[in-house]
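Asker: Below: sequence and its predicted model.
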Amino acid sequence: MTATLDRPAVSARSHGLTGTWQLTRLALRRDRLTIPLWIVVLSLSPMSSAKAYETLYPTAVERAGLIHGAGANPSIAVIYGPAFDLSTAGGFTAWRLVGFMALMVGLMAVFTVTRHTRAEEDSGRAELLASGVVGRYAALTAAVIVSIGTSVGIGLVTTAGLIGTKLPTEGSIAFGAAVVLAGLVFTAIAAVAVQAAEYSRTANGIGSAAVGIAFLLRAIGDSTTDAKWISWLSPIGWTQQMRAYAGERWWVALIGVAAAVVIGGVGYALLPRRDVGVGIIPARPGPAEAASSLRSPFALAWRLHRGPLIGWTIGMAVCGAVFGSIASGIGELVGGNGQAQEIFQRMGGSAALVDAFMAAMVGMFGMVIALYGVQAALRMRGEETAVRLEPLLATQVGRLRWASSHLVFAFAGSGGMLLLTGVMLGLGNGLRAGDVGGSVADTVAGTLAVLPAVWVIIGVTVAIFGLLPKYSGAGWAVAMVALLLSLFGPVVNLPQAVLDISPFSHAPKIPGQAFTATPLIWLTAIALAALVAGLTGFRRRDIG
């Protein structure tokens, strides 16, 4: 009788996918705010660009200038990729945004898969679920379903939006399919990363590095006449080679699908070869006793933040040098188009076009580095929910001392990173223009002007963590809204009152504008007030 009763349970547990549907529903519930945010933010961008094309390039002469400038300038190809057909709104939109959306969808896939697999193992919840009737492959499969489903959602909404702007249906479908293709490939890469790494932050680092390498390979191939084949090594390159609105090549999608199946199969093959909570690549054992340099909250925070800080700093410094080196060629992109120059000036400055471009790049780097600041600040919430904070507070470590050790990296780390990026941006432009000293001085001044806006985003995140810890993830929404308004608001001519919601719209645009201290004082005061409010709330509320 006992054997008869036990047999169904054993059979259920032996099925590798048992519990997949339940874990998928759980993941969707946990991401009920994040997924819609990804879909809305990314899907609005192509529609905005398509509508702006007629305004930016209303005549055949201006479009011919765009085609000549963009097609003949390899520096522009580093940013946007190959220009297949810029004579139509659809071709212009695909050229500007397919690569960008593939990059963002790739990051979304990495973060989503890691969050619902390796992060669950870090917290101990995965092992608890595995002790019940949950199959070995259920968690990974649920994460893959959610990641691919979000990618499909972004692709469908984007396709519908482009068709709604009266662009050709076939090209719109190819655009959406390219976005989904990026999601498939990077979901598969993330599935391998979470098997290789032992901790979620390492898995995120591996997956993000893969996305960055894909962008770099694409940029090298598209900007080099003799080595265009290099872009075919990149999943981001595959999305652009589908040529939406420029004679669609559907067979390219088969490359991405095949790669996703093979890479994803590797991830599933590695899964049963490791224990829960352990990676294929074993962690290096530490010494039996901690060094004296680790016996403080700040030393622990350094160990936790050093990997992301170093990785972000190197990546941003490289981006600064690359964008600085192409600044002198930006004039070929817009030529004499007064409306296009006005867009650049609204985004970045009010003097020469190169200065406007440099100021726009400084602002964009500030927005991106604000994302690092949010990530560093939210590390406190991660330590809290993983129940690693309470044992520390049970010792002589106080709450404010512990929080301050993390916030040093959020505020000072973002400041140092932005400063170095500005130096590299100015150096890249100065070496091309023959004025290194002046260019570096201008970009450093620009980064210092943008820094208070970055601190406002971080300060608001800390305030949410301290006052409303359950909604700490809203810090990402704050950063994304600011980024969206600053990047696309000027393009679609949003009212200035709406643009002013973003703190980056208040920072002086240097080089190109005169320095004014008043907005910087206000931004710094707002950041400080938010920081104080967050720390006060954290000091008074319950842990967990």
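Answerer: Arrived safely.
Asker: elements contacting whatever helix or strand residue 365 lives in?
Answerer: Residue 365 is located in helix 353-385, with elements delineated by DSSP states H and E. Helices and strands touching helix 353-385, by 3 or more C-beta pairs under 8 Å, 6 or more residues apart in numbering; DSSP states H and E, are helix 297-326, helix 331-334, helix 338-347, helix 399-433, helix 436-467, helix 474-488. Any C-beta I mention is one placed from the backbone N, CA and C, and that applies to glycine too.
Asker: Select, out of these, the one closest to residue 538.
Answerer: Closest to residue 538 of the helices and strands packed on helix 353-385 is helix 436-467 (C-beta to C-beta; 3.8 Å).
Asker: I'd like to know which elements that closest one is packed against.
Answerer: Under the contact criterion of 3+ C-beta pairs under 8 Å, 6+ apart, helix 436-467 touches helix 353-385, helix 399-433, helix 474-488, helix 518-540.
Asker: Need the residues that contact the last one.
Answerer: Residues from elsewhere that reach helix 518-540, judged by C-beta atoms under 8 Å, 6 or more residues apart in numbering: 399-400, 403, 407, 449, 452-453, 455-456, 458-467, 469, 503, 506-508.
Asker: one step back: how about the helix holding residue 365: buried residues?
Answerer: Residues of helix 353-385 classed as buried: 353-384 (neighbour count, 16 or more other C-beta atoms under 10 Å).
Asker: And stretch 203-221, by the same measure?
Answerer: Buried residues in stretch 203-221, defined by neighbour count with 16+ other C-beta under 10 Å: 203-208, 210-212, 214-221.
Asker: distance of residue 544 from residue 252?
Answerer: Using C-beta to C-beta, to the nearest Å, residue 544 is found at 49 Å from residue 252.
Asker: Those two: which is more packed in?
Answerer: For residue 544 versus residue 252, the count of surrounding residues by other C-beta atoms under 10 Å is larger for residue 252: 20 against 9.
Asker: Looking at residue 66 now. What's its pLDDT?
Answerer: You'll see residue 66 listed with a pLDDT of 68.
Asker: again but with residue 459, I slipped
Answerer: Turning to residue 459, the model gives it a pLDDT of 94.
Asker: which residues does it contact?
Answerer: 526-531, 534.
Asker: Go through the residues you listed and name the one nearest residue 265.
Answerer: Checking these against residue 265 by C-beta to C-beta gives residue 534 as the nearest, at 44.9 Å.
Asker: State the distance from that closest one to residue 461.
Answerer: Relative to residue 461, and taking C-beta to C-beta, residue 534 is found at 8 Å.
Asker: So for the two, which sits in the more crowded spot?
Answerer: Remark: of residue 534 and residue 461, residue 461 carries more neighbours, 31 against 26, as counted by other C-beta under 10 Å.
Asker: Please tell me how far that one sits from residue 84.
Answerer: Using C-beta to C-beta, residue 461 is found at 40 Å from residue 84.
Asker: just residue 380 next, same as before
Answerer: According to C-beta to C-beta, residue 380 and residue 84 sit 46 Å apart.
Asker: ok, and what's touching the helix or strand hosting residue 122?
Answerer: Assigned by DSSP H and E, residue 122 belongs to helix 118-123. Applying C-beta under 8 Å, 6+ apart, the contact partners of helix 118-123 are 126-127, 129, 139, 194, 197, 199-200, 203, 276-277, 385-386.
Asker: Sounds good, over and out.
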